[in-house]
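>>> Generate a structure from the sequence data that follows.
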Amino acid sequence: MTSCLASAGEWLARLQRRELSSVELLHQLLARCDTLHPALNAVVVRDADRALARAAQADAARARGEDWGALHGLPMTVKESFDVAGLPTTWGHESLRGNVATHHATAVQRLVDAGAIVFGKTNVPVSLADWQTFNPVYGTTNNPWDVSRTPGGSSGGSAAALAAGLTPLELGSDIGASIRNPAHYCGVYGHKPTWGVVPMAGHQVPGVACIDRLDIAVAGPMARSAADLRLALDVLTRPLQRFGPLGWHPAAWRPPGLPPPRLRVALWTDDPVAPVDAAVQARLQALADFLRQQGVAVDEDTRPVDSAETHFVYLHLLRAATGAWLDDATWTQFREQAARYAADDRRYEAAHYRGSTLSHRDWVALDQRRASLRHQWDAFFTRYDLLITPVACTTAFAHHQHGERWERLVPVNGTARPGTDSLFWAGLPGVVGLPATAFPLGCAADGLPVGAQVIGPAMADPDTLRFAHWLEQTWRGFEPPPMATSLP
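Predicted structure coming up:
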């Protein structure tokens, strides 16, 4: 594997041994960004001068015997939607092109305080509202496995940059699989934490004080290694480990070991609500075969919740969250559209308009239904340790930027299906705030990467991360796209 495709942990070890300097590593990454930018358009904001100055300071500090923290001297990028002081935060909106942050987002600050060097920001779709990554400010980001295809979204630039070796570590966000989906499409790792354990302050557009209250939105790390996810989440949750809520057990991060011999895993590979392509299912079955060979108990029949119910609740609460700041004219238009759908219409577009214009009374009723789903998940996790599911219905699809998202069809087992079907798999852990780690399963028959997500109980982030790390050590891990291995 070429040097720029090493894990963050490997780079940090080399920096610690002084086999290279932070300045040298940053120059390598900036040169690689220059070379691949025309093909990928992933790292769309650069801060080379300030980053090189900080890298020089990191090298000087290390020479003096100082330790800045777990990420001392590591160059990295963050998703464009996070505030970085002195850099633009647009969320892909042309109207926000001149919006320059004055302070770091809290999550960014924690990474910087641990010694990280943020040298750029990665591309996003408009309002972070797509599984493709394109906008009028920065243009379209391509998948490094096939530039005619999407890298996913909304952390699409993040995943493309990781897979191509442009950065060793990323900070993403997730409300509709925006970490997990790009990880799946690009063949990297991503972690959606338990809701609330990573602060969201500084991840919002002007006029919104903070989106911490959006109770299905989270921030989390993305990387080329499950071990790097654990490293980054340790940094992002460090204050919680001292003062966190009941149920957060920091000691659980550290035991190295393998999953227990009697690990109980449920596997959910397909569903009528969101049919999964055979190419994706084949890789999930390969995983099931491996787990059984290792003595893991795998159950392919048990489901934690009813598919139709969890999808209905998730879509409405998702759209309620994302529609909270609609302007009056748009809200009125959405309200009129919602009235055209029957109450029992389960199509995505009906939920889109209804959810965006819910009354408070209706929202509370849905929240009660969500509470029932939480109880069902709690009962499920008394019998199983983990649940593994697809991240999306297909591998990365071809760019398609016209029309509403539900009008963009993708082929699933020879049948054209709405691309929004995949939100079913996004919502399983999302609607109830559970942790989910996306990890690679290798490539499908079409040569494109496939990922899965492993879901655990609330606050069990260490367990899902440890499981992904165990698979990385014993089965398979990150595999770079050909584009990435053609460079030094």
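
>>> Can you give me the pLDDT of the closest residue in space to Leu448 that isn't next to it in sequence?
Closest residue in space to Leu448, ignoring its immediate chain neighbours: Thr395 at 3.9 Å, by CB to CB, 6 or more residues apart in numbering. C-beta coordinates here come from the backbone N, C-alpha and C atoms, glycine included. In this prediction, Thr395 carries a pLDDT score of 98.

>>> Check the burial of Thr395 by counting its neighbours.
Thr395 has 26 neighbours, counted by other CB atoms under 10 Å.

>>> what sits against it?
Tyr185, Asp277, Ala279, Val280, Ala444, Asp446, Leu448, Pro449, Val450 (CB atoms under 8 Å, 6 or more residues apart in numbering).

>>> Apply the buried test to the residues you listed and list what passes.
Tyr185, Asp277, Ala279, Val280, Ala444, Leu448, Pro449, Val450 (16 or more other CB atoms under 10 Å).

>>> Just list what the host helix or strand of the last one packs against, helices and strands only.
Just to be clear, that refers to Val450. Assigned by DSSP states H and E, Val450 belongs to strand 449-455. Strand 449-455 sits against helix 180-186, helix 278-293, strand 386-390, helix 423-430, strand 436-443, helix 461-474, with contacts defined as 3 or more CB pairs under 8 Å, 6 or more residues apart in numbering; DSSP states H and E.

>>> ranges for the helices of the stretch 151-300 of the chain?
All helices of the stretch 151-300 of the chain, identified by DSSP state H, counting those that start in this stretch, fall at 156-163, 180-186, 226-236, 238-243, 278-293.

>>> re earlier: dump the buried ones among the contacts of Thr395 to a markdown table, plus distance to Asp271.
Listed next are these as a markdown table, based on distance: CB to CB, whole Å:
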| residue | distance to Asp271 |
| --- | --- |
| Tyr185 | 20 |
| Asp277 | 13 |
| Ala279 | 16 |
| Val280 | 12 |
| Ala444 | 19 |
| Leu448 | 22 |
| Pro449 | 22 |
| Val450 | 17 |
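
>>> Which single one of these is nearest to Gly430?
Tyr185 (17.5 Å; CB to CB).

>>> I figured that closest one hits Ala159, correct?
Yes - if you go by CB atoms under 8 Å, Tyr185 and Ala159 touch, sitting 6.7 Å apart.

>>> Now the common contact residues for these two.
Pro151, Gly152.

>>> can you list the contacts of Thr395 in JSON lines and add pLDDT and distance to Met76?
Formatted as JSON lines, the contacts of Thr395 follow (pLDDT from 0 to 100; distance: CB to CB, whole Å):
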{"residue": "Tyr185", "pLDDT": "98", "distance to Met76": "21"}
{"residue": "Asp277", "pLDDT": "98", "distance to Met76": "33"}
{"residue": "Ala279", "pLDDT": "97", "distance to Met76": "32"}
{"residue": "Val280", "pLDDT": "98", "distance to Met76": "30"}
{"residue": "Ala444", "pLDDT": "97", "distance to Met76": "29"}
{"residue": "Asp446", "pLDDT": "91", "distance to Met76": "31"}
{"residue": "Leu448", "pLDDT": "98", "distance to Met76": "26"}
{"residue": "Pro449", "pLDDT": "98", "distance to Met76": "22"}
{"residue": "Val450", "pLDDT": "98", "distance to Met76": "26"}
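
>>> Need the distance between the two termini of stretch 266-274.
18 Å (CA to CA, to the nearest Å).

>>> and for that stretch, what are the contacting residues?
By CB under 8 Å, 6+ apart, stretch 266-274 touches 276, 281, 284-285, 287-288, 298-300, 302-304, 307-308, 311, 380, 384, 386-390, 393, 421-425.

>>> can you confirm Thr382 is in a strand?
No - per DSSP: H, G, I helix; E, B strand; the rest coil, Thr382 lies outside any strand segment and is coil.

>>> State the phi and psi torsions of it.
phi -80, psi -20 (degrees, to the nearest 10).

>>> mind listing what's buried in stretch 61-80?
Those would be 61-62, 68-80, for stretch 61-80 by 16+ other CB under 10 Å.

>>> Now the two most distant members of the residues you listed.
Among those, Arg62 and Glu80 lie farthest apart (CB to CB), at 29.8 Å.

>>> related to what we said a few turns ago, that's a strand at the residue nearest to Leu448, yeah?
No - if the criterion is three-state DSSP, then Thr395 is coil and not within a strand.
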